[in-house]
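S.K.: quick check, what structure comes out for this input:
(chains A, B, C and D)
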2 protein chains.
Amino acid sequence: MKNVTAGPKQNHLLSALPPMVYTRLLPRLQARMFSVGEILIPANVKQRYVYFPTTCIALLSYGVGAIATPRTWPVGNEGIVGITAFLGESTADSQAEIQVAGEGFQLDARLFRTEFKLGGGLQLLLLRYVEILITQASQLVICEHSHTINQRLCRFLLRAFDRVPNDTIETTHERIASLMGVRRVSVTEAAGRLQADRVIDYSRGHITLLNRPELEHQSCECYVVIKSAFAGLRLKSKVK
Amino acid sequence: MKNVTAGPKQNHLLSALPPMVYTRLLPRLQARMFSVGEILIPANVKQRYVYFPTTCIALLSYGVGAIATPRTWPVGNEGIVGITAFLGESTADSQAEIQVAGEGFQLDARLFRTEFKLGGGLQLLLLRYVEILITQASQLVICEHSHTINQRLCRFLLRAFDRVPNDTIETTHERIASLMGVRRVSVTEAAGRLQADRVIDYSRGHITLLNRPELEHQSCECYVVIKSAFAGLRLKSKVK
DNA sequence: AGCTATACGTACGGTGGCGAACGGACTTTC
DNA sequence: GAAAGTCCGTTCGCCACCGTACGTATAGCT
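M.R.: All right, here's what the predicted structure looks like:
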């Protein structure tokens, strides 16, 4: 651990910004710690900030106000929390809270919106980002429908390991089950098989990655599809 | 049938445009007939046009190039085909073809992009539109995971009936099954129950709606969530 | 050291959807 | 008007996942 404080560039979106835009925004980026459970963006309230996670992980819940069972997905250093700041000017129907404590940067929503409206590099980047979100969501529709819990757990774990600096994540079967929308028992069974195969190791809230290639192998292809979509975002933007 | 030729305003996006923008674009909108199977936007090719369906229905396939089983969803007069024209400047990873013949309008992609970059009403509208697409996709992830085929068939049928002028759609169990990613037999069984309950009637490729309230009742709430999201788009924009 | 809460392990019946196969009815073709 | 193709109806065994319940081990508290 060279440096405890993560820089803005550890967020993939910020690091992909054109230098000019980046230096313009830099003084307005406020570094912050986020602790578990903190509500970043309450449902149906006009948001004041947008957030760029670096080491923290947020959890977006869609359909909070609705009748539906809310399903969530995590956003880490690959993305931004608060896309409704530029998509719609009104309030979001989604809610964001911190799942894993860590650091990140916040930026005034109005300032962000102004920069977006300029139509420069930030706009280009964010439009591509939402395009990827749609790709990801489309892929997940397929995934939820046709892949087994084993495969989906692998995908889930891989995404989780991608977001943390080391090879350990701190979470329980219970929470994973809740996030995946399955029984805790199902997670335990699937995780047990992975542990027996020496792919992961875990005990009481700590999960360690042992064999990534095998985990990818046992995962469905959705992981690769989604990951490469995000990877494309970084590369395409870096060309300029 | 008062008028065979549908006007541009029959497309919800076009009708929600501010008058100024609408009149500016109107002369560039080319009315066209679209026939079944026509490929509007080939995968991995730079698109020349964007399309606003009025009476036709297009089918977007995501993940065509990828390994994954492609899953599709329909776009009718509530939307636009070719969002990648403004989201990313590169080629789309999705493909669009015509599922139900009918009319629509096409607009030069470059022109469209230019208008978008102006940052006016068109941009606002389209950003809200993609926000709704994300909402829809998130909802469908839940839906695929936790609702029965019966419920999902109802949702599917309701969306289909929403897009056609009368209460009849022309499609077979086989095609529905393919679109929903389930067995043909499952569709037949579910549809059989609906027919027994006098909710719909069908025979050899024609499906007629008999009792919409009951169909909505037997559907999952996803239909309402998605529909009201799109309805909000039209209203919010009309205020100005 | 013992208690308690938390996290993981295991078992059991029930069911929704799957794959495969086959039969019946209607429509089109020549 | 017979053959062929299309569309729908039904059945059967199978399995992943579910809800429920209860047992066991580890960590933390006092």
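S.K.: so what's A:Leu157 up against?
M.R.: A:169, A:200, A:207, A:209, A:215 (Cβ atoms under 8 Å, 6 or more residues apart in numbering or on different chains). Any C-beta I mention is one placed from the backbone N, CA and C, and that applies to glycine too.
S.K.: out of those residues, which sit inside helices?
M.R.: Judged by DSSP state H, the contacts of A:Leu157 include A:Leu215 as members of helices.
S.K.: adding neighbour count, write the contacts of A:Leu157 out as TSV.
M.R.: Output for the contacts of A:Leu157, formatted as TSV (neighbours: other Cβ atoms under 10 Å in any protein chain shown):
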residue	neighbour count
A:Ile169	20
A:Ile200	23
A:Ile207	22
A:Leu209	18
A:Leu215	21
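S.K.: nearest to DNA strand D among the contacts of A:Leu157?
M.R.: A:Ile207 (13.9 Å; Cβ to the nearest atom of the strand).
S.K.: what pairs with the closest one across the strands?
M.R.: Legend: beta-bridge partners of A:Ile207 under DSSP bridges are A:Ile169, A:Tyr202.
S.K.: check A:Thr72 too.
M.R.: A:Ser61.
S.K.: state the number of residues packed around it.
M.R.: 22 (other Cβ atoms under 10 Å in any protein chain shown).
S.K.: how near is A:His12 to DNA strand C?
M.R.: Per Cβ to the nearest atom of the strand, to the nearest Å, A:His12 is found 29 Å from DNA strand C.
S.K.: picking up where we left off before, out of the contacts of A:Leu157, flag the one nearest to B:Ile98.
M.R.: Distance to B:Ile98, by Cβ to Cβ, is smallest for A:Leu215 among those, at 41.0 Å.
S.K.: wait, doesn't that closest one sit right on A:Ile200?
M.R.: Yes - in terms of Cβ atoms under 8 Å, A:Leu215 counts as a neighbour of A:Ile200; the distance is 7.0 Å.
S.K.: which neighbours do those two have in common?
M.R.: A:157, A:194, A:209.
S.K.: neighbours of the residue lying closest to A:Gln123 once chain neighbours are set aside, just the number please.
M.R.: Among residues not flanking A:Gln123 along the chain, A:Phe116 sits closest, at 5.3 Å (Cβ to Cβ, 6 or more residues apart in numbering or on different chains). Using other Cβ under 10 Å, the number of residues around A:Phe116 comes to 20.
S.K.: so who does A:Ile57 touch?
M.R.: A:Ile57 neighbours (Cβ under 8 Å, 6+ apart): A:74-76, A:98-100, A:102, A:163.
S.K.: if you set the cut-off to 6 Å instead, what comes out?
M.R.: Going by Cβ atoms under 6 Å, 6 or more residues apart in numbering or on different chains, A:Ile57 touches A:74, A:76, A:99-100, A:163.
S.K.: from the residues you listed, which land in strands?
M.R.: Judged by DSSP state E, those include A:74, A:99-100 as members of strands.
S.K.: which one of those residues is nearest to B:Leu124?
M.R.: Nearest member of these to B:Leu124, counting by Cβ to Cβ, is A:Pro74, at 29.0 Å.
S.K.: how much space between that closest one and chain B?
M.R.: Distance, A:Pro74 to chain B, using Cβ to the nearest Cβ, to the nearest Å: 13 Å.
S.K.: who are the neighbours in contact with that residue?
M.R.: A:57, A:59.
S.K.: the same query, at a cut-off of 10 Å, please.
M.R.: Shown in contact with A:Pro74 (Cβ atoms under 10 Å, 6 or more residues apart in numbering or on different chains): A:53, A:57-60, A:99-100, A:156, A:159-160, A:163, A:179.
S.K.: so which of those is the most crowded?
M.R.: A:Pro53 (29 neighbours).
S.K.: next, that residue: phi, psi?
M.R.: The phi and psi values for A:Pro53, taken as degrees, to the nearest 10, are phi -70, psi 140.
S.K.: which pLDDT does the model give the closest residue to it other than its chain neighbours?
M.R.: In space, and not counting its chain neighbours, A:Pro53 is closest to A:Gly104: 4.2 Å by Cβ to Cβ, 6+ apart. pLDDT for A:Gly104: 95.
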